[in-house]
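Asks: 3D model of this:
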Amino acid sequence: MTEELKIIPVSDVFANINYLVPIYQRNYAWGETQIEQLIEDIESSIDGFNKNYFLGNLIVNQTDNNVYEVIDGQQRLTTLYLLEKYLGIVFAKEALRFEAREKSNRTLSYVSDSSNQELIEELSSPEILNGFQIVDNYFKNKNIDKSRFAQKLKRVFLIRVQVPQNIDLNHYFEIMNTRGEQLELHEIAKAKLLEVLKSDHDKDVAALIWEKCSDMNSYVQMNFNVDVRRNIFTENWSSLNQSIKNFDSIKSKISAENKSIDKNFLIDILKENKMINVSNTQSEDENERFESTISFPNFLLQVNAVMRKLGEEDASLDDKHFLNNLSWAWSTAEKAKDFLFHLLKCRVLFDKYVLKREFARDYKETGKWSLQRLEKYRDNKKNNDKPKYVGTLGDEGNDNKKLRTLQSCLRITYTSPKTMHWITVILSNLLENEATDIIAMLENYCKKKVVDSDYQNRNGFGFERIVFSYLDYLIYRDGYSYDGKEIISPMQEDWQFQFRSSIEHFHPQHPVEGESWEQDDLNGFGNLALITVSGNSKFSNLPPAGKINSYPSIINQSLKLKIMEKMTRLGDGKWTEEKANRHKDEMFTILKNK
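Replies: Purely as a prediction, here's the structure:
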């Protein structure tokens, strides 16, 4: 008879066990954000001698002695497999297998044995290889001690849950992926807030604000019906009406045109926690056009940090203590109202001034960085009002491009929601004064991060990402000239930040041809650039000329790297220690003086 529930240390999860991922599950799909978040959670949670950390559930079906079919949790389990193989933890090669996916199994076997020959690209799983590379880069960039981290895994636990016998597994898997069985923490927070409010009208308006703010992938104005929108927003829809000073003023505006809110509608929302399509809300295309920088639960933590004036040292954006962080908001009815008012006010400012990804026109598949405010325009043909999106600081003017690029610099540097304190800084300052010079404010924020990183005394993987990212922003903003000749023009139209986390040695650490450099030159800032994990993998140990000629699109990921390319082409056509040192000095001068 099988055990229904077992607590297992992550260090032993693959010990004498075989896991099989069924064919009906999707391929491994975790990327940089999820993998790094998992490693960060473990690294930051295990700090005291007696402290343990619970990582979640692993739902399985036992099919044989020590053989388990993975029903839910395979993305995390596969990542743990890659992580433990990277750390050198020994277990059987086939401790994890994918049913009828030989590319995946071949790649898992490849990362399990460092003596394996190079894996042929056509016969490998790029997702699994990319995952392993992300783990490798993260440990190197953060300078994490592998043996110490491996010890932490003994105090990190999974709960392995056996599904009931004779269950229809296909149906069970479908249920697991379409309806979460556990109540989300933000749903509990919502219930707590509504519970302390006195009147039905207060509860109705609170539920309405909450639900409209919870859809993060559209502009919040478009989530309200037309009547409410006219009453609580300005004539052009861009901001909250000046008469909206607190929760009760929102309530009075809604009640003026809406004598009662449909109770059944609210009951459905509370029970099912989903958006109900009603007339005069955003169209389906509108709802799919934008992607928010953060999720709704993370946004709630941002509002909390703004209201309580919490600094970065308070771990204010860490969701490990989500309910405890917010509990003050439902201690009284007045505090609940104040939180809900600020929730809406911050959400309007967030939509107007914080970066999004936009999927439209030429960028419908890949997306592009977007910094736009919503405005109303009149469609005379259809005789109704519609939204349009214009640059927040002027439609595609230089200030808007500058701010958009500055925020994308921060977005690709601080990828975990719990490190996105720059959003808190924006919201806090704009709440006090919407006329704040947001560009100067964020540039000062970046400068402090760069200075605090002690970059002038770092080398190799010791450089923090913000140093590379902010430098690229400065080059984008001002352009760059070399020996009196402009080689990077200011505000290049065709360049934007990509999600980059891998420190690239332009002259490789293990060159396939040519001489090796001294460590100081090799790991000096002049020889380094920040590129994507896949770009680093493609560059491999090619010499600089080979990288330039074979992968121009990867060179284009970094403006610093483009300067290094131009310098390589000059003179003898080679990338030398002298050029690298001159480049380092010039880049440090930019960072110190701008």
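
Asks: dump the residue contacts of Thr405.
Replies: 369, 473, 476-477, 496-497 (CB atoms under 8 Å, 6 or more residues apart in numbering). (Each C-beta comes from the backbone N, C-alpha and C, glycine too.)

Asks: now the residues you listed: which count as buried?
Replies: Among these, those classed as buried by 16 or more other CB atoms under 10 Å are 369, 473, 476-477, 497.

Asks: max pairwise distance over those residues: which two?
Replies: Using CB to CB, the buried ones among the contacts of Thr405 span at most 15.0 Å, a distance reached by Trp369 and Arg477.

Asks: among the buried ones among the contacts of Thr405, which are in strands?
Replies: Residues of the buried ones among the contacts of Thr405 located in strands (DSSP state E): Trp369.

Asks: reformat the buried ones among the contacts of Thr405 as CSV; add pLDDT and distance to Phe54.
Replies: Converted to CSV, the buried ones among the contacts of Thr405 look like this (pLDDT from 0 to 100; distance: CB to CB, whole Å):
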residue, pLDDT, distance to Phe54
Trp369, 94, 36
Tyr473, 97, 39
Tyr476, 97, 43
Arg477, 96, 45
Phe497, 94, 35
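
Asks: pipe the buried ones among the contacts of Thr405 into CSV and attach distance to Lys335 per row.
Replies: Shown next, in CSV, are these (distance: CB to CB, whole Å):
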residue, distance to Lys335
Trp369, 36
Tyr473, 39
Tyr476, 43
Arg477, 42
Phe497, 39
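
Asks: point out where the stretch 1-150 of the chain drops to low pLDDT.
Replies: 1-3, 48-50, 113-123 (pLDDT under 70).

Asks: where along it do the helices fall?
Replies: Using DSSP state H, counting those that start in this stretch, the helices found in the stretch 1-150 of the chain span residues 32-45, 74-87, 102-112, 126-142, 146-152.

Asks: can you check the stretch 301-450 of the chain too?
Replies: Taking DSSP H, counting those that start in this stretch as the criterion, the stretch 301-450 of the chain carries its helices at 322-326, 333-353, 398-413, 421-432, 438-452.

Asks: for Glu504, find the nearest of these.
Replies: With CB to CB as the criterion, Glu504 lies closest to helix 398-413 of the helices of the stretch 301-450 of the chain, at 15.1 Å.

Asks: and the contacts of Thr405 as JSON lines, adding distance to Arg357?
Replies: Below are the contacts of Thr405 laid out as JSON lines (distance: CB to CB, whole Å):
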{"residue": "Trp369", "distance to Arg357": "7"}
{"residue": "Tyr473", "distance to Arg357": "18"}
{"residue": "Tyr476", "distance to Arg357": "19"}
{"residue": "Arg477", "distance to Arg357": "22"}
{"residue": "Gln496", "distance to Arg357": "11"}
{"residue": "Phe497", "distance to Arg357": "12"}
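
Asks: spit out the contact partners of Phe290.
Replies: Going by CB under 8 Å, 6+ apart, Phe290 touches 217-219, 356-359, 370.

Asks: can you do 10 Å?
Replies: Contacts here follow CB atoms under 10 Å, 6 or more residues apart in numbering; on that basis Phe290 touches 216-219, 351, 356-360, 367, 370, 372, 389.

Asks: filter those to the buried ones?
Replies: 216-219, 351, 356-359, 370, 372, 389.

Asks: for the residues you listed, which one is nearest Phe468?
Replies: Arg357 (21.3 Å).

Asks: quick check: the closest one touching Gly367?
Replies: Yes: under the criterion of CB atoms under 10 Å, Arg357 makes contact with Gly367 at 4.3 Å.

Asks: shared neighbours, those two?
Replies: Joint contacts of Arg357 and Gly367 (CB under 10 Å, 6+ apart) are 289-291.

Asks: return the member of those residues nearest to Tyr28.
Replies: Relative to Tyr28, the closest of these is Glu291; by CB to CB it sits at 22.1 Å.

Asks: quickly list what the nearest residue to Lys386 once chain neighbours are set aside is bridged to.
Replies: Distance criterion CB to CB, 6 or more residues apart in numbering; nearest residue to Lys386, sequence neighbours excluded, is Asp379 at 5.0 Å. Per DSSP bridges, the residues bridged to Asp379 are Asn384.

Asks: and Asp379, how far from Asn16?
Replies: Using CB to CB, to the nearest Å, Asp379 is found at 67 Å from Asn16.

Asks: quick one: low-confidence ranges for the protein?
Replies: Judged by pLDDT under 70, the stretches of the chain that qualify are 1-3, 48-50, 113-123, 165-183, 255-288, 365, 395-396.

Asks: quick one, the longest strand seen in it and helix 74-87 angle?
Replies: For the chain, the strand with the greatest residue count under DSSP E is strand 53-64. Relative orientation of strand 53-64 versus helix 74-87 (axes from the mean of the first three to the mean of the last three CA atoms, to 10 degrees): 100 degrees.

Asks: tell me how far strand 53-64 lies from the chain's centre.
Replies: Chain-centre distance of strand 53-64: 26 Å, with CA atoms, centre = their mean, to the nearest Å.

Asks: show the contacting residues for the residue nearest the centre of the chain.
Replies: Ranked by distance to the mean C-alpha position of the chain (CA atoms, centre = their mean), the top residue is Thr415 at 4.2 Å. Residues in contact with Thr415 (CB under 10 Å, 6+ apart) are 31-33, 36-37, 40, 465, 499, 501.

Asks: now do the contacts for Phe91.
Replies: By CB under 10 Å, 6+ apart, the neighbours of Phe91 are 12-17, 81, 84-85, 112.

Asks: so which of the residues you listed comes closest to Arg230?
Replies: Tyr81 (54.9 Å).

Asks: these two touch, right, that closest one and Thr107?
Replies: No: counting by CB under 10 Å, Tyr81 does not reach Thr107; the two are 11.1 Å apart.

Asks: okay, and the common contacts of these two?
Replies: Common contacts of Tyr81 and Thr107 (CB under 10 Å, 6+ apart): 28, 128, 131-132.

Asks: ok, the residue nearest to Leu430 when sequence neighbours are not counted - contacts?
Replies: Leaving aside its chain neighbours, Leu430 sits nearest to Leu349 (4.9 Å; criterion: CB to CB, 6+ apart). Going by CB under 10 Å, 6+ apart, Leu349 touches 239-240, 306, 426-427, 429-431, 434.

Asks: and which of those is nearest to Leu185?
Replies: Val306 (19.2 Å).

Asks: wait, that closest one sits on Cys346?
Replies: Yes: counting by CB under 10 Å, Val306 does reach Cys346; the two are 6.2 Å apart.

Asks: identify the contacts common to these two.
Replies: Jointly contacting Val306 and Cys346 under the rule CB under 10 Å, 6+ apart are 423-424, 426-428, 430-431.

Asks: which of the residues you listed count as buried?
Replies: 423-424, 426-428, 430.

Asks: for those residues, which one is nearest Asp204?
Replies: Leu427 (26.6 Å).

Asks: in ChimeraX, how would I select just the buried ones from the contacts of Thr415?
Replies: Here is the ChimeraX command that selects the buried residues among the contacts of Thr415 (16+ other CB under 10 Å):
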select :32,36,40,465,501
